[in-house]
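Peer 1: Coordinates for the following, if possible.
(chains A and B)
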Amino acid sequence: MERSEKVGLGVAGAGHLVLFGLLSVGFLSTPNPEKLKQQPIDVSLVKDVGLEAAAPQAVEEPAQSIAPETGEPDDAAPPAPADPAPEPAPAPPQPAPKPAPPEPAPKAAPKAEPKPKPAPPKPKPAPKPVEKPKPAPKPKPPAADQAAAAKKEAAEAKAKAAAAAKAKAAADAKAKAAAEAKAAAAAKAAADAKAKAAAAAKARGTGSDSQSKASKPKGGRLGDDFLKGLTSEPSKSRSQTPRAAKIDASALASIVQAIARQIQPCADRQVDPGPGANEIVTTLNLKLNENGTLAATPTMVRQTGVTPENQRYAQRVRDLGIAAFKGCSPLKLPAEYYDTPNGGWNNINFKWKLR
Amino acid sequence: MNPFFNTDAATLSPIALFLQADWVVKGVMFGLLAASIWTWAIIFSFWRKLGRTRKATEVFERDFWKADDIDAFYKTRADEDLPSARVFAAGVAEWRRSTQGSVIDRGGTRERLATSMGAAVANEIDKLSDRLNVLATVGSVAPFVGLFGTVWGIMRSFTSIASQQNTSLAVVAPGIAEALFATAIGLFAAIPAVIAYNRFSHGINRIEARLNRFADGFHATLSRQLDRER
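Peer 2: From the prediction side, this is the model:
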């Protein structure tokens, strides 16, 4: 090797070293922002499943529209006889309408005397004392008999009054009667006050119901519209068990696990159809009743893992899966997850695989 | 590994590509790298030798044609390390041997002069073009050697695909990159070798032609001198 060749070798070696050194420190490297490395992802396997993940919300039934009555409406009359004091009250109401007749005065007087005595006579100083005692006993018997009787009498009195005088006259009489009744109440006892109220009520022209109710001892505290907005039908809730608010992934996984556990005995009894058959995964759609029984025969959604080797077993594997569900139902599953707004086990897909 | 060097396969680092390669590909790369270094060594030495020879030959011929006395010129310049000087020396030596005797065979002397100087020219050209065959070999073979390394590396990356059952680019790309690096080194060695081979062949042809012209001129001079001898 000549000297010039030695020099050339040294120069060439040095040049290569420089070139590869520059390349190694990234002299010509292209900026590569996206690395080809795959970033690891944290995967946590959920083992323990808490059913409280989606807490069930108890739904209370709306109240039924039943009034808190303390007694039967029809039995309003019977109690009346028992109480001597209140009875006088019902009696006067009948007379109340009568005050109208009295105004016509001369005419009504004879009529009123027997029944309505109290009110009409009151206005007049003289008849009052005499009549009052009378009316009390009189009305009593009819009242004791029936509220209807009193009503009839009242109607009769009214009719009479209407026939005797005009509406105007009746109104005047009413006012008068009211004023007089007031005075009487002040002078007399509570019974008189009651009578006044009854008279006022009657003057308003209320029907028989109000009269009968008014006769009840404790019914007066409820307003007429206390049932407003309430229906008379008892409302129903769809299921006895309160539904879960929603089903979450862990609860769903636990349900699938429970299904797998419960059909395992039936699956264990089955015979493996052939080599490779346990690689077939059959997704079955289950439609279940609330008591865990099958609402319909499970249907196949899809099959995976079918290869040319085990293709001939695919049908058999599907049938075995359906048979396992038929043999081991009903399934016992948590009732609160039967049907929730985002799914439940009433319609669930299950991946069936031979073991 | 040295933290100074970037050994990430995603960059174009030759060291990383070399270290990740199969041993066959490593051998191919190493051989091609040596060939490249040897090629460039030859290129540098040839470059300097041809340039120096060309210049010195010009100076020598100019001085020769200006010289009055060939014997005196021979005494001073014949031992220079130059092709033309050796051709000149061969001619003079043959002249002296042929004209030693009392009887001179002019025709035979002319023939011997031409033959000896032609042999000297051929000898010089042989010596000059000694390493040129290395350039030719590297230029023609290095691409194929690199291609062999590439094919081997790609085969290996395909087997890795088969073994991992994963065709993602992250699995395939490094193997193909390191395999292609073998072809890159082969081309890196071959291209300069081919260019240099053609260039230096041309230069040697020119030197050969120049030597032949010089030999012819000297032969003519000696031939005229032979006529003047009795």
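Peer 1: what's the burial count for residue B:73?
Peer 2: Using other C-beta atoms under 10 Å in any protein chain shown, residue B:73 is surrounded by 17 other residues. Heads up, the C-betas are built off the backbone N, CA and C, glycines and all.
Peer 1: so how far is the first residue of stretch A:232-249 from its last?
Peer 2: 42 Å (C-alpha to C-alpha, to the nearest Å).
Peer 1: Oops, could you answer that again for stretch B:121-137 instead?
Peer 2: 25 Å.
Peer 1: That stretch near chain A at all?
Peer 2: Yes - interface with chain A: stretch B:121-137 contributes residue B:131 (C-beta under 8 Å from any C-beta of the partner chain).
Peer 1: Touching that stretch from outside, list them.
Peer 2: A:5, B:38-39, B:42-43, B:45-46, B:49-50, B:53, B:83, B:86-87, B:193-194, B:196-197, B:200-201, B:204, B:207-208, B:211-212, B:215 (C-beta atoms under 8 Å, 6 or more residues apart in numbering or on different chains).
Peer 1: Quick check: buried residues in it?
Peer 2: The neighbour-count criterion (16 or more other C-beta atoms under 10 Å in any protein chain shown) identifies B:121, B:124, B:125, B:128, B:129, B:131, B:132, B:134, B:135, B:136 as the buried residues of stretch B:121-137.
Peer 1: what's downstream of whichever strand or helix holds the third one, the next helix or strand?
Peer 2: Of the helices and strands defined by DSSP states H and E, residue B:125 is found in helix B:106-128. Helices and strands here follow DSSP H and E; after helix B:106-128, the next one along the chain is helix B:132-164.
Peer 1: I'd like the distance from the helix or strand that that following helix is followed by to the chain centre, please.
Peer 2: Heading C-terminal from helix B:132-164, the first helix or strand you meet, by DSSP H and E, is helix B:169-228. Centroid separation for helix B:169-228 versus its chain: 5 Å, with C-alpha atoms, centre = their mean, to the nearest Å.
Peer 1: again, but for stretch B:82-99
Peer 2: Worked out by C-alpha atoms, centre = their mean, stretch B:82-99 lies 27 Å from the chain centre.
Peer 1: ok, residues contacting that stretch?
Peer 2: So stretch B:82-99 is contacted by B:53, B:56-57, B:60-61, B:64, B:70, B:74, B:77-79, B:104-105, B:108-109, B:112-113, B:116-117, B:119-121, B:123-125, B:127-128, B:207, B:210-211, B:214-215, B:218-219, B:222, B:225-226, B:229 (C-beta under 8 Å, 6+ apart).
Peer 1: now do 7 Å
Peer 2: Stretch B:82-99 is contacted by residues B:53, B:56-57, B:60-61, B:64, B:74, B:77-78, B:109, B:112-113, B:116-117, B:120-121, B:124, B:207, B:211, B:214-215, B:218-219, B:222, B:229 when judged by C-beta atoms under 7 Å, 6 or more residues apart in numbering or on different chains.
Peer 1: Check which helices and strands the lowest-mean-pLDDT helix or strand in chain B is in contact with.
Peer 2: When each helix and strand of chain B is scored by mean pLDDT, DSSP states H and E, helix B:14-20 comes last, with a mean of 77. Based on contacts counted as 3 or more C-beta pairs under 7 Å, 6 or more residues apart in numbering or on different chains; DSSP states H and E, the elements that helix B:14-20 packs against are helix A:3-24, helix B:169-228.
Peer 1: Could you tell me the angle between the first one and helix B:169-228?
Peer 2: Orientation check (axes from the mean of the first three to the mean of the last three C-alpha atoms, to 10 degrees): helix A:3-24 against helix B:169-228 gives 160 degrees.
Peer 1: Show me which positions of helix A:3-24 end up buried.
Peer 2: A:4, A:5, A:8, A:9, A:11, A:12, A:16, A:20, A:23, A:24.
Peer 1: Please apply the same query to stretch B:74-88.
Peer 2: Buried, per 16+ other C-beta under 10 Å, within stretch B:74-88: B:74, B:77, B:78, B:82, B:83, B:84, B:85, B:86, B:87, B:88.
Peer 1: from the middle of its chain, how far away would that stretch be?
Peer 2: With C-alpha atoms, centre = their mean, you get 23 Å for stretch B:74-88.
Peer 1: Could you do stretch B:52-69 as well?
Peer 2: 25 Å.
Peer 1: what helix or strand is residue A:282 on?
Peer 2: Per DSSP H and E: strand A:281-287 holds residue A:282.
Peer 1: related to what we said a few turns ago, how about the buried residues of helix A:3-24 in TSV, adding pLDDT and distance to residue A:296?
Peer 2: Formatted as TSV, the buried residues of helix A:3-24 follow (pLDDT from 0 to 100; distance: C-beta to C-beta, whole Å):
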residue	pLDDT	distance to residue A:296
A:4	78	96
A:5	82	92
A:8	87	90
A:9	90	88
A:11	91	88
A:12	91	84
A:16	90	78
A:20	83	73
A:23	80	70
A:24	77	69
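Peer 1: any idea how far the residue nearest the centre of chain B lies from chain A?
Peer 2: Note on chain B: the residue nearest the mean C-alpha position is residue B:132, at 2.9 Å, using C-alpha atoms, centre = their mean. In this view, residue B:132 and chain A are 13 Å apart by C-beta to the nearest C-beta, to the nearest Å.
Peer 1: just checking, residue A:262 touches residue A:329?
Peer 2: No - at 8.4 Å, residue A:262 does not count as touching residue A:329 under the criterion of C-beta atoms under 7 Å.
Peer 1: Just the buried ones among the contacts of stretch B:121-137, please.
Peer 2: Buried among the contacts of stretch B:121-137 (16+ other C-beta under 10 Å): A:5, B:38-39, B:42-43, B:45-46, B:49-50, B:53, B:83, B:86-87, B:193-194, B:196-197, B:200, B:204, B:207-208, B:211-212, B:215.
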